[in-house]
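S.K.: build me a model:
(chains A and B)
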There are 2 protein chains.
Amino acid sequence: MTRTAFFISDGTGITAESLGRSLLAQFENVDINMQTKPYIDTLEKAQALVEVIEATANRDGERPIIIDTIVDQEIRDVIREASGFKVDIFSTFLKPLEQELNTHSSYSVGRTHSIGSDDVYMDRIHSVHFALDNDDGARTHQYNKADIILVGVSRCGKTPTSLYLALQFGIRAANYPLTEDDQDEDGVLKLPKVLAPHQHKLFGLTIDARRLAAIRHERRPNSRYSSMDQCLQEVEQAESLYRSMHIPYIDTTRFSVEEISTRMIAETGLARRFSPR
Amino acid sequence: MTRTAFFISDGTGITAESLGRSLLAQFENVDINMQTKPYIDTLEKAQALVEVIEATANRDGERPIIIDTIVDQEIRDVIREASGFKVDIFSTFLKPLEQELNTHSSYSVGRTHSIGSDDVYMDRIHSVHFALDNDDGARTHQYNKADIILVGVSRCGKTPTSLYLALQFGIRAANYPLTEDDQDEDGVLKLPKVLAPHQHKLFGLTIDARRLAAIRHERRPNSRYSSMDQCLQEVEQAESLYRSMHIPYIDTTRFSVEEISTRMIAETGLARRFSPR
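M.R.: Got it, this is the predicted structure:
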């Protein structure tokens, strides 16, 4: 039996969906079809959505779960008419918070994800372009402006992590790929010269060799690059470099980009330039 | 008077912070110092945090607001001892959801932000590299694989938006900058030839010329590129191209990257490859 859950918002829907997924993730054995409905910011859109919810209730034979972060009272009243089990975040928590803070809440529409100050916007743009300009070992002369420099073998997750740090936290992350070019004459990986002056900013990524081979195989099938031997050797050399140089590192194999990024921040104490919206 | 809010989680803290910021954004007139405390996943970390909370309560002269998404019962019990006003998301909503779904919840630690299936990971990596490979008009031959192609003048927000679409939703977004190279002999902006076969995938971005000039000024101060005249002319030409070619477009001036992206998805019905975690 499938149940449907609607995450409804007058803004982006990010908060309602984030909370909804967290709550429903606790029910592994229930098959739940999740739908996000953002920008429900007029009575007309709310009425149209109620019809969708009714049709879904009829089709499923069970009332949908409705998780919303709508602030406008009239729009709330329309949604409330729908057949559903309601997880009403705002009315549950805003009243007690008003008492605690001894003031009224503003109930303004879609406040959280507004663009914020011009400074935040500029910081974000700068950080994204910094990550791009300093991706994959390019333009090494900007390392002095980096907040953090990610190192690791090719395709271990450096680029997505740098970009996530930039977009969500305004952190300026450069990244540098460890390759055979950085080996000495005995074939031992050494700390690249361009990184030496910035050792305190380095953070290593590592990955299970089998997983790395699978990822590389998607890019260049049946190549030396994607062979198990090559991946194993590169990963071992990278990890032994981290240990010998006391570079903190994280194994990305079982972590999402969100986890890698937030763990890195927690471990280094790196300051955010702004907060995720 | 400043109040402090703690967003506490045994995982990334993204859900607790997202909900916390949404709730507290409704209290504009209260000065709230917000702190996210992720990965509180041992009794020791919880005890250390309780001490931080107590010290904060003493310093502020008011008890902090505590918003948490911790699942483990023993860790919850430790946090509960802290002096604070508690917004207890899970215990508030999980019980009623258990009744509604007629089953027990798993109360497993940090489930939501786990990496998910290998497919999700691969989709994410692919989408990010697709955005990078097709950034700023590069490698135009991959447009047939794009889910959407963002067009707009330089620095109107194309790159951050493409990357956000890739990271959060696995959407393959290319982007193409509209420049004077795309004007005809009379100086009128035309639809670039490389885009013509993909017209149904185009989505325009526009921006207030004054804001554009400020953004460009940060990059190249006092240049023709950043002059008000130039920005005004480019923006007008871009908008008139969108209208004449029936390209849907959005004004990014007052929107965050999250809003631009989610509005674009809502407007085009573009399918996500996965959901934000």
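
S.K.: what is the neighbour count of A:D251?
M.R.: 16 (other CB atoms under 10 Å in any protein chain shown). (C-beta placed from N, C-alpha, C; glycine too.)

S.K.: domains for chain A, by residue range?
M.R.: According to the TED database, chain A comprises the domains A:3-113, A:118-268.

S.K.: mean pLDDT for the ones you listed: which is lowest?
M.R.: The minimum mean pLDDT among the domains of chain A belongs to domain A:3-113 (a mean of 90).

S.K.: pretty sure A:S105 sits against A:F93.
M.R.: No - using CB atoms under 8 Å, A:S105 is not in contact with A:F93; the gap is 10.0 Å.

S.K.: strands along the stretch 51-200 of chain A, start to end?
M.R.: A:65-68, A:85-88, A:148-152, A:173-177 (DSSP state E, counting those that start in this stretch).

S.K.: other SSEs contacting the second one?
M.R.: Here strand A:85-88 touches strand A:65-68, helix B:89-101, going by 3 or more CB pairs under 8 Å, 6 or more residues apart in numbering or on different chains; DSSP states H and E.

S.K.: what sits up against it?
M.R.: For strand A:85-88, the surrounding residues in contact (CB atoms under 8 Å, 6 or more residues apart in numbering or on different chains) are A:20, A:23, A:63-68, A:80, B:93, B:96-97, B:100.

S.K.: please redo it, this time with the cut-off set to 6 Å
M.R.: Applying CB atoms under 6 Å, 6 or more residues apart in numbering or on different chains, the external contacts of strand A:85-88 come out as A:63, A:65-67, B:93, B:100.

S.K.: re the thing from before, who wins for proximity to B:P248 among the domains of chain A?
M.R.: Comparison of those against B:P248 by CB to CB identifies domain A:3-113 as nearest, at 14.7 Å.

S.K.: how far does stretch A:215-233 stretch from one end to the other?
M.R.: End-to-end distance for stretch A:215-233, by CA to CA, to the nearest Å: 16 Å.

S.K.: mind listing what's buried along it?
M.R.: Of all the residues in stretch A:215-233, those buried under the rule 16 or more other CB atoms under 10 Å in any protein chain shown are A:215-217, A:225-226, A:230-231, A:233.

S.K.: would you mind giving these as TSV with secondary structure added?
M.R.: Below are the buried residues of stretch A:215-233 laid out as TSV (DSSP: H, G, I helix; E, B strand; the rest coil):
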residue	secondary structure
A:I215	helix
A:R216	helix
A:H217	helix
A:Y225	coil
A:S226	coil
A:Q230	helix
A:C231	helix
A:Q233	helix
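
S.K.: next up, the contacts around the closest residue to chain B within the stretch 51-200 of chain A.
M.R.: Chain B sits closest to A:S105 of the stretch 51-200 of chain A, with a gap of 3.6 Å, by CB to the nearest CB. By CB under 6 Å, 6+ apart, A:S105 lies in contact with A:94, A:98, B:26-27.

S.K.: now A:I215
M.R.: Here A:I215 is in contact with A:R155 (CB under 6 Å, 6+ apart).

S.K.: mind doing that once more with 10 Å?
M.R.: A:154-157, A:207, A:226, A:231, B:118, B:121-122, B:125-126 (CB atoms under 10 Å, 6 or more residues apart in numbering or on different chains).

S.K.: most neighbours among the residues you listed, which one?
M.R.: Neighbour-wise, those (other CB under 10 Å) top out at A:C156, 29 neighbours.

S.K.: so that residue touches A:A213, yeah?
M.R.: No - taking CB atoms under 10 Å as the definition, A:C156 is not a contact partner of A:A213, at 11.8 Å.

S.K.: mutual contacts of these two, please.
M.R.: Joint contacts of A:C156 and A:A213 (CB under 10 Å, 6+ apart) are A:207, A:231, A:235.

S.K.: let me know the closest of those to chain B.
M.R.: A:I207 (10.9 Å).

S.K.: once you drop chain neighbours, what's closest to the closest one?
M.R.: Spatial nearest neighbour of A:I207, excluding adjacent residues (CB to CB, 6 or more residues apart in numbering or on different chains): A:C156 at 4.4 Å.

S.K.: could the buried residues of stretch A:215-233 be laid out in CSV, adding distance to B:K190?
M.R.: Output for the buried residues of stretch A:215-233, formatted as CSV (distance: CB to CB, whole Å):
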residue, distance to B:K190
A:I215, 41
A:R216, 42
A:H217, 42
A:Y225, 42
A:S226, 43
A:Q230, 48
A:C231, 48
A:Q233, 53
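
S.K.: let me know the closest of these to B:T42.
M.R.: A:I215 (31.4 Å).

S.K.: give me the neighbour count for the closest residue to A:R3 other than its chain neighbours.
M.R.: Of all residues not flanking A:R3 in the chain, A:I32 sits nearest, at 5.1 Å (CB to CB, 6+ apart). Burial of A:I32 is recorded as 16 neighbouring residues (other CB under 10 Å).

S.K.: A:I32 is in contact with A:Q26, isn't it?
M.R.: No - with contact defined as CB under 10 Å, A:I32 does not count as touching A:Q26 (11.1 Å).

S.K.: between the two, what contacts are shared?
M.R.: Common neighbours of A:I32 and A:Q26 are listed as B:L101 (criterion: CB under 10 Å, 6+ apart).

S.K.: in JSON lines, list the strands of the stretch 51-200 of chain A along with distance to B:R139.
M.R.: Putting the strands of the stretch 51-200 of chain A into JSON lines (distance: least, CB to CB, whole Å) gives the following:
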{"stretch": "strand A:65-68", "distance to B:R139": "41"}
{"stretch": "strand A:85-88", "distance to B:R139": "45"}
{"stretch": "strand A:148-152", "distance to B:R139": "25"}
{"stretch": "strand A:173-177", "distance to B:R139": "20"}
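
S.K.: still on that earlier bit, show me what contacts the residue nearest to A:R3?
M.R.: A:2-5, A:20-21, A:24-25, A:64-65, B:101.

S.K.: which of those count as buried?
M.R.: A:3-5, A:20-21, A:24-25, A:64-65, B:101.

S.K.: which ones among those lie within helices?
M.R.: A:20-21, A:24, B:101 (DSSP state H).

S.K.: among these, which one lies nearest to A:L191?
M.R.: Nearest member of those to A:L191, counting by CB to CB, is A:R21, at 40.7 Å.

S.K.: from memory that closest one sits against A:Q35, does it?
M.R.: No - using CB under 10 Å, A:R21 makes no contact with A:Q35, being 11.7 Å away.
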